[in-house]
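*Asks:* Fold the stuff below for me.
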Amino acid sequence: MDKTADHSPADPDAEAASLPVRRSSVPAFAVHVLTACGAALCFLGLLAAVSANWPLMFAWLGLALIIDAVDGTLARRFQVRERLPRWSGDTLDLVVDYLGYVFVPVYAIVAGELLPDVAAIPAGLLILVTSALYFADRQMKMADNHFRGFPALWNVVAFYLFLLRPPPWLAVAVVVALCGASFAPFPFLHPLRVARLRRLNIALLLAWSGLAVAAVIQQMEPGLSVKLALVVLAAYFVTAGLLPPHKPNAELKP
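*Replies:* Take a look at the predicted model:
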């Protein structure tokens, strides 16, 4: 989830859409197209999920994550907001994020026999509703770029549920707890945007990505060492926002 957007409408003044484009808009529009391609990758991930091909689903979602990681930087580089005020990159990013971070992974969680039958659909509905509310929260980012609460990373949650296969009712408890954590006022690390320990966080993120690719290649059944390393890295990213000198009551972005 990038990054520059607060998930609020990017065009509060309707007159902005009529501003003349002073420079070539082709590179700027190409960035929008790149972001929109994330939606296409999510659809391919959904098709794989419908076929119960979970490794392929995670592969498509992983490619969507790569786009999500770079499109914000490209948007700033090519001044997309200034050159193309007609199109809202924030809204586009929001739509694609909801598909890749929430909708497709929730289908996998519900259909993947990870939860008890009686609880699967209610849990999926709970995730969809709480995540939609989280994405609409204009205070989802803290002043230092930490997320406020659990940032609806259900693609990552689904990855770990398929990787570890916990007992079904434990998986339900995890889902419910994370849904509640979306509204808890604790800092959650954004490894690319938080300035503190950024180099370390990016290095660990790259290590996590390599291990995740290895797990997908091995059909979500990697060796114990890979699983253990992924669990350790997850523990770090979950708790890193709580480490000092972060101030939990830092002023939130408007």
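*Asks:* Quick one: the helices in the stretch 1-150 of the chain, in order.
*Replies:* 26-50, 54-77, 80-83, 89-97, 104-111, 117-135 (DSSP state H, counting those that start in this stretch).
*Asks:* Compare the ones you listed and give me the one nearest residue 149.
*Replies:* Taking Cβ to Cβ as the criterion, helix 117-135 is the member of the helices of the stretch 1-150 of the chain that comes nearest to residue 149, at 7.1 Å. C-beta: built from backbone N, CA, C; applies to glycine.
*Asks:* Residues contacting the closest one, please?
*Replies:* Contacts of helix 117-135 with the rest of the structure, by Cβ atoms under 8 Å, 6 or more residues apart in numbering, involve 7, 94, 97-98, 101-103, 106-107, 109-111, 114-115, 140, 149, 151-152, 154, 168-169, 172, 175-176, 179, 182-183.
*Asks:* Is there a quick ChimeraX command that grabs whichever of these are buried?
*Replies:* One line in ChimeraX is enough to select the buried ones among these; burial here means 16 or more other Cβ atoms under 10 Å:
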select :7,94,97,98,101,102,103,106,107,109,110,111,114,115,140,149,151,152,154,168,172,175,176,179,182
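*Asks:* Strands - which of the contacts of helix 117-135 land there?
*Replies:* Using DSSP state E, no member of those falls within strands.
*Asks:* hmm, who's touching the strand or helix carrying residue 156?
*Replies:* Per DSSP states H and E: residue 156 is located in helix 154-164. With contact meaning Cβ under 8 Å, 6+ apart, helix 154-164 is reached by 54, 58, 61, 65, 100-102, 104-106, 108-109, 112, 114, 127, 131, 171, 174-175, 178, 212, 215, 220, 222, 227, 230-231, 234.
*Asks:* Next one: residue 54 relative to residue 161, how far apart?
*Replies:* 10 Å (Cβ to Cβ, to the nearest Å).
*Asks:* anything in contact with each of these two?
*Replies:* residue 112.
*Asks:* Which positions in stretch 44-60 come out as buried?
*Replies:* 44-46, 48-49, 54, 56-60.
*Asks:* Give me the below-cutoff pLDDT ranges for the stretch 151-254 of the chain.
*Replies:* Scanning the stretch 151-254 of the chain for pLDDT under 70 picks out 245-254.
*Asks:* what do you get if the cut-off is 90, keeping everything else the same?
*Replies:* 242-254 (pLDDT under 90).
*Asks:* Helices along that one, start to end?
*Replies:* 154-164, 168-181, 198-217, 224-239.
*Asks:* Tell me which of the ones you listed is the most buried.
*Replies:* Of these, the one with the most neighbours on average (mean count of other Cβ atoms under 10 Å) is helix 154-164, at a mean of 21.
*Asks:* quick check: angle from that one to helix 224-239?
*Replies:* 150 degrees (axes from the mean of the first three to the mean of the last three Cα atoms, to 10 degrees).
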